[in-house]
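Novice: The following block contains a protein sequence and its predicted model.
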Amino acid sequence: MGSIQLGIQHAIGGLASKPERDLLMQDFMTVETTNFPHEGSNHTPAHHYSEFKFKTYAPIAFRYFRDLFGIQPDDFLMSMCSAPLRELSNPG
């Protein structure tokens, strides 16, 4: 579960370098895939998880909606990454 949080942190942090602009229809279809090798890379930190890929769906569109509802990036990251995620079982 920690790898998911690392991917979220990387995705939200990476949006800071992208300029704010009008939302386009193509923004809803964007899928970004980032490889996270165990030893890190030029774009990702080293970590103690197995190598993994993280897909970010419609990052610009979701940033737009977080902004629209007044959700600051730091608050979003705090809510998603400050404590370990828990897996909930589904009986059905």
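Specialist: Received it, and whenever you're ready, just let me know what you need. Numbers count the residues shown, from 1 in each chain.

Novice: can you give me the helices in this protein?
Specialist: Using DSSP state H, the helices of the chain run over 2-15, 59-68, 73-81.

Novice: Make JSON lines from those helices and add mean neighbour count to it.
Specialist: (Glycine included, C-beta is placed from N, CA and C.) Output for the helices of the chain, formatted as JSON lines (neighbours: other CB atoms under 10 Å):
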{"stretch": "helix 2-15", "mean neighbour count": "16"}
{"stretch": "helix 59-68", "mean neighbour count": "15"}
{"stretch": "helix 73-81", "mean neighbour count": "13"}
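
Novice: could I get the ones you listed as CSV with distance to Q26?
Specialist: CSV is the format used below for those (distance: least, CB to CB, whole Å):
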stretch, distance to Q26
helix 2-15, 16
helix 59-68, 9
helix 73-81, 23
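
Novice: between the ones you listed, which gets nearest to L88?
Specialist: Checking the helices of the chain against L88 by CB to CB gives helix 2-15 as the closest, at 14.0 Å.

Novice: contacts for the closest one?
Specialist: 32, 34, 36, 44-45, 47, 49-50, 52, 54, 56, 59-60, 63, 73, 76-77, 80-81, 84-85 (CB atoms under 8 Å, 6 or more residues apart in numbering).
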